[in-house]
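S.K.: have a look at this prediction, sequence included:
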Amino acid sequence: MSASAAHDHALAPNDLEAFWMPFTANRAFKKKPRMVTGAKDMHYLTAEGRKVVDGAAGLWCCNAGHNRDPIVSAIQAQAGELDYAPAFQFGQPKAFALAARIAALAPGDLDHVFFANSGSEAVDSALKIALAYWNITGKGSKTRLIGRERGYHGVGFGGISVGGIVPNRKFFGSLLTGVDHLPHTYNREKQAFSRGEPEWGAHLADELERIVALHDASTIAAVIVEPMAGSTGVLPPPKGYLKRLREICDKHNILLVFDEVITGFGRLGFAFAAERYGVVPDMITFAKGVTSGTVPMGGVLVRKGIYEAFMQGPEHVIELFHGYTYSAHPLACAAGLAALDVYRDEGLFERARALEGTWADAMHGLKGLPGVLDIRSVGIVGAVDLAPLKDAPGRRAFEAMDRAFHEFDLMVRITGDTIAVSPPLILTESDIGDIADKLAKVIRAVA
Ligand code: PMP
């Protein structure tokens, strides 16, 4: 570490005050920070020189691992060549190249890509495209949006409106009107300790018929779901559930959006979960893994027919009044192209698929440890539900996350009393064993 880097990392306790940390228990953090100062491959590094296993791929995003040479050099080269270019009325080649590469990875005729800078922006963009699509095709009465309980679609007003996480919604007023929610698909009694997609629950998709019957299809624009709900505890879709949603949407002419911000780019062993589940949605939102987390980027994959519907009218007129200053930012595009190269050259999606069985064995091997109520696994994602402490929901998982970091050199995500793990896809069988061992120690420590 250079002298100046060492200096940058040395913070006095009061230096922590100015940064209001997002989705963080600020006071607890600032008393006892969980701080990282470097990273390489499967590990975060701390200022004291500890190597912490990244059991979370950062925040479900660093699928290629950390500080990978091809990605780092692509970003550095891009910064020296073309630092910024607008995507409004002007272009730069890497934006077009990246869009084409992403479209080539997507199933069916999801052939067009609209770029944003985050998952939240991707979701709000997709919802706006859905509404505009019905407007321009003469069905402007189709304005209702349908999300799902326990859905997470980022923090924009659109995203929290269709999202189903109560604390993310209840402080912020009335949100979008005309939104309904499907029931979530988790039922511990019927599904506990299932590997991959649970057998029970496909019928819950039929709730969409009930909502359609209540409002009439002529008022409904789109349904948005995460193929696997990530942020609310790793809930893989029941077998057949997504196909049923697709059938009902087709029957009633409703657009289906898959939010693949977590599941995109290999997490479930395929470029997109849509491919794993054999269902082609009308739009896919993505972010995180597209640049392996290195530079912020998000976007929406859109089916050909939707894009083409917009490409009517006088040629000089803007077709969609929506976009961001940083849409298709050159650094993000360079990072994205390099990340996709790494995924392809190292076969990381196939690797995730090949390791899924070993990963699932390791996760389910934690069954029987004290306080474990359920374990779920799918792709390279795992979740362990801990018995909540009486009158202190979330407290046990918080302690698990904190002790995992400080005592067992493992970074995990928590939500409620669930520990979620989703390491970089470069992991080896020995990393899997190591993560499971550390998790077992953590679970025993907080029992
Ligand atoms: N959708 C899903 C499914 C997500 O998991 C997330 C982030 N975890 C988002 C949207 C929001 O992404 P961002 O934090 O980049 O805005």
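M.R.: Here it is on my side, so go on.
S.K.: list the contacts for the residue nearest the centre of the chain?
M.R.: Among the residues of the chain, the one closest to the centroid is residue 262, at 2.3 Å (C-alpha atoms, centre = their mean). Residue 262 is in contact with 60, 226, 228, 230, 231, 288, 422, counting by C-beta atoms under 8 Å, 6 or more residues apart in numbering. Quick note: C-beta positions are derived from backbone N, CA and C, even for glycine.
S.K.: do you know how far the last one is from residue 243?
M.R.: The one in question is residue 422. Separation of residue 422 from residue 243 (C-beta to C-beta, to the nearest Å): 25 Å.
S.K.: show me which residues of this structure sit near the ligand.
M.R.: 118-120, 123, 152-154, 226, 230-231, 259, 261-262, 287, 298 (C-beta under 6 Å from any ligand atom).
S.K.: the more surrounded of residue 422 and residue 243?
M.R.: For the pair residue 422 and residue 243, the greater number of neighbours falls to residue 422 (26 against 15), based on other C-beta atoms under 10 Å.
S.K.: which parts of the stretch 51-200 of the chain are strands?
M.R.: Applying DSSP state E, counting those that start in this stretch to the stretch 51-200 of the chain gives strands spanning 51-54, 110-116, 144-148, 179-182.
S.K.: could you dump those strands to a markdown table with distance to residue 335, mean pLDDT and mean neighbour count?
M.R.: Output for the strands of the stretch 51-200 of the chain, formatted as a markdown table (distance: least, C-beta to C-beta, whole Å; pLDDT from 0 to 100; neighbours: other C-beta atoms under 10 Å):
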| stretch | distance to residue 335 | mean pLDDT | mean neighbour count |
| --- | --- | --- | --- |
| strand 51-54 | 18 | 98 | 21 |
| strand 110-116 | 13 | 98 | 24 |
| strand 144-148 | 30 | 98 | 26 |
| strand 179-182 | 34 | 98 | 19 |
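S.K.: out of these, nearest to residue 311?
M.R.: strand 110-116 (9.8 Å; C-beta to C-beta).
S.K.: show me what the closest one is packed up against.
M.R.: helix 93-105, helix 119-136, strand 298-303, helix 304-310 (3 or more C-beta pairs under 8 Å, 6 or more residues apart in numbering; DSSP states H and E).
S.K.: quick one on the thing from earlier: of the contacts of residue 262, which is the most crowded?
M.R.: Busiest of the contacts of residue 262 [other C-beta under 10 Å] is residue 288, holding 28 neighbours.
S.K.: and the closest residue to residue 330 other than its chain neighbours, how close does it get to the ligand?
M.R.: Nearest residue to residue 330, sequence neighbours excluded (C-beta to C-beta, 6 or more residues apart in numbering): residue 82, at 5.0 Å. Distance of residue 82 to the ligand, computed by C-beta to the nearest ligand atom, to the nearest Å: 24 Å.
S.K.: gap between residue 82 and residue 235?
M.R.: 42 Å.
S.K.: just want to know which of the two has more residues nearby.
M.R.: Neighbour count, other C-beta under 10 Å: between residue 82 and residue 235, residue 235 has more, with 23 against 15.
S.K.: hang on, the more buried one packs against residue 184?
M.R.: Yes. With contacts counted by C-beta atoms under 8 Å, residue 235 reaches residue 184, the gap being 6.7 Å.
S.K.: shared neighbours of the two, anything?
M.R.: By C-beta under 8 Å, 6+ apart, the residues touching both residue 235 and residue 184 are 150, 229.
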